[in-house]
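> The following block contains a protein sequence and its predicted model.
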Amino acid sequence: MPSKGKRVKTRCVRGHKLPQDIIKCCQVCKRENGKRWCKRHPEKRAVQVRVVRLRSYGWTPEMIKQTALEQGGCCMICKHIYDGKLHPDHAHTIPPQPRGLLCPKCNKAIGLLQDSPELCRAAAEYLESWKVGVL
């Protein structure tokens, strides 16, 4: 006699084929539901993306706020008060180590100089050598 157990669903509510280990919805529906949620909640999605990005740099939103207060809203390199968002700088290690908040120009500069103190010193020496005659 056949058992009178539960029927195993093989298709989701939209008719997509379900893998055997998934009960509620298929991957297609899950992806579509996620896209719809992102469109309905853009502000929440932006926060999620920022938190994930900060975490990949070794930062948290709380660390950003605290560091900005400690730095007085100034860039750690040029010391200018920046009215926009300061960029969280980090050492490119595993795990990444937070260093300080930088203005966009200083952040790009040290990135282009490959975070190398030797290259930064060489660039400074080069600029110093051409300083003669500058007003």
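Okay, I see it.
> is it true that residue 39 lies in a helix?
Yes. Counting by DSSP: H, G, I helix; E, B strand; the rest coil, residue 39 falls inside a helix.
> got the buried residues for stretch 95-108?
The neighbour-count check on stretch 95-108 (16 or more other CB atoms under 10 Å) flags 96, 98-103, 106-107 as buried. Yep, even glycine has a C-beta here, placed from its N, CA and C like the rest.
> list the contacts for the closest residue to residue 50 other than its chain neighbours?
Take residue 50 and drop its neighbours on the chain: the residue closest to it by CB to CB, 6 or more residues apart in numbering is residue 61, 7.4 Å away. Residue 61 is in contact with 50-51, 54, counting by CB atoms under 8 Å, 6 or more residues apart in numbering.
> From residue 51, how far off is residue 61?
6 Å (CB to CB, to the nearest Å).
> can you give me the strands in this protein?
Secondary structure of the chain (DSSP state E): strands located at 87-91, 97-102.
> Can you tell me how far the spatially most central residue of the chain is from residue 76?
Geometric centre of the chain, nearest residue: residue 53, 1.6 Å, by CA atoms, centre = their mean. From residue 53 over to residue 76 the distance is 20 Å, taken as CB to CB.
> One more: residue 85?
14 Å.
> So which of the two has more stuff around it?
Under the criterion of other CB atoms under 10 Å, the comparison of residue 85 against residue 76 puts residue 76 first, with 16 against 11.
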